[in-house]
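Asker: got a predicted model here, sequence first, then my questions.
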Amino acid sequence: MLCSSLMKSARAKVVKGKIVTRAKFPEGAELTVVMRDKAPPIILSTDEEEAMLRGIASIKAGRGIPLEEFRAILRRI
């Protein structure tokens, strides 16, 4: 299971189509890139962040549902 205490963040910028950062990462490190938007940030509690990471892991493991089924669920809410 992914744990938020193992996550680190770094700032980067796209220059000529490539991601550039001053941060140092070990060889083979897996990174997730999130584009910052001008919308207000979403603040998650530790429990919410852990739930989201579990959900992502579940989807990667093939336990997700089709997008149309998910949209149908959202329309019913």
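Answerer: On my side now, so go ahead.

Asker: sec struct for Ala72, please.
Answerer: helix (DSSP: H, G, I helix; E, B strand; the rest coil).

Asker: quick one: pLDDT of it?
Answerer: On pLDDT, Ala72 comes in at 94.

Asker: can you count the residues close to it?
Answerer: 11 (other CB atoms under 10 Å). From N, CA and C alone the C-beta is placed, and that goes for glycine too.

Asker: going forward, begin numbering at 24 instead of 1
Answerer: Got it, the first residue is 24 from now on, which makes the last one we talked about Ala95.

Asker: three-state assignment of Val37?
Answerer: Three-state assignment for Val37 (three-state DSSP): strand.

Asker: beta partners for the closest residue in space to it that isn't next to it in sequence?
Answerer: Distance criterion CB to CB, 6 or more residues apart in numbering; nearest residue to Val37, sequence neighbours excluded, is Val43 at 7.4 Å. Per DSSP bridges, the residues bridged to Val43 are Lys36.
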